[in-house]
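> quick one: sequence and predicted model below, then my questions.
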Amino acid sequence: MNKKRLEESASYLENLQLGRDDEFDMMTWWRETVPTEPGDSCGTAACALGWLTYRFDELSLVGQKRGGWDVTFESSINYEAAERFFDITPKMVHYIFDGENYENYLSSDGVSKEQVTARMRDLVKDNG
């Protein structure tokens, strides 16, 4: 597990100003338009992972159009990219980035950035 990347990710996401009440809509990776700066709201889940491409692009975690918008790391895409980038299991990736693992992901309330960052920090703490 790359604890440093998880901690840096949690800090980065915590400080984003997203609009939409600082919530992620966990139903898709990206919308039709990709956010370009804090304050834009991609409104998606992996929006959490998608925003991290702005923080870690120099480490090859990038968002790119490949039929749809995907998050890539080296030769991996989306969940697998997150597994490899953070060096965590598929179960851990889904715990953080899969909307179906959040009780309120289908509600109009969305998933808060605090919920996402708390899960990142829980993984670090629980795998001390």
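Perfect, thanks for sending it.
> endpoints of stretch 78-96, how far apart?
13 Å (Cα to Cα, to the nearest Å).
> so what touches it?
1-2, 5-6, 9, 29, 46, 48-49, 56, 59, 61, 70-74, 76, 97-98, 101, 116, 119-120, 123 (Cβ atoms under 8 Å, 6 or more residues apart in numbering). Every C-beta, even on glycine, is put in place using the N, C-alpha and C of the backbone.
> quick one: the strands in the chain?
Counting by DSSP state E, the chain has these strands, from start to end: 23-24, 61-66, 68-73, 76-77, 111-112.
> winner for burial among these?
strand 23-24 (a mean of 26; mean count of other Cβ atoms under 10 Å).
> any chance of the strands of the chain in JSON lines, plus mean pLDDT?
JSON lines is the format used below for the strands of the chain (pLDDT from 0 to 100):
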{"stretch": "strand 23-24", "mean pLDDT": "72"}
{"stretch": "strand 61-66", "mean pLDDT": "74"}
{"stretch": "strand 68-73", "mean pLDDT": "80"}
{"stretch": "strand 76-77", "mean pLDDT": "90"}
{"stretch": "strand 111-112", "mean pLDDT": "82"}
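> including distance to Glu14, could these go into JSON lines?
Putting the strands of the chain into JSON lines (distance: least, Cβ to Cβ, whole Å) gives the following:
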{"stretch": "strand 23-24", "distance to Glu14": "13"}
{"stretch": "strand 61-66", "distance to Glu14": "18"}
{"stretch": "strand 68-73", "distance to Glu14": "19"}
{"stretch": "strand 76-77", "distance to Glu14": "26"}
{"stretch": "strand 111-112", "distance to Glu14": "11"}
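> remind me, longest helix of this structure?
In the chain, taking DSSP state H as the definition, the longest helix is helix 113-126.
> which helices and strands sit right next to that helix?
helix 3-14, strand 23-24, helix 90-97 (3 or more Cβ pairs under 8 Å, 6 or more residues apart in numbering; DSSP states H and E).
> go through that helix and flag the buried ones.
Buried residues in helix 113-126, counting neighbours by 16 or more other Cβ atoms under 10 Å, are found at Lys113, Gln115, Val116, Thr117, Arg119, Met120, Arg121, Leu123, Val124.
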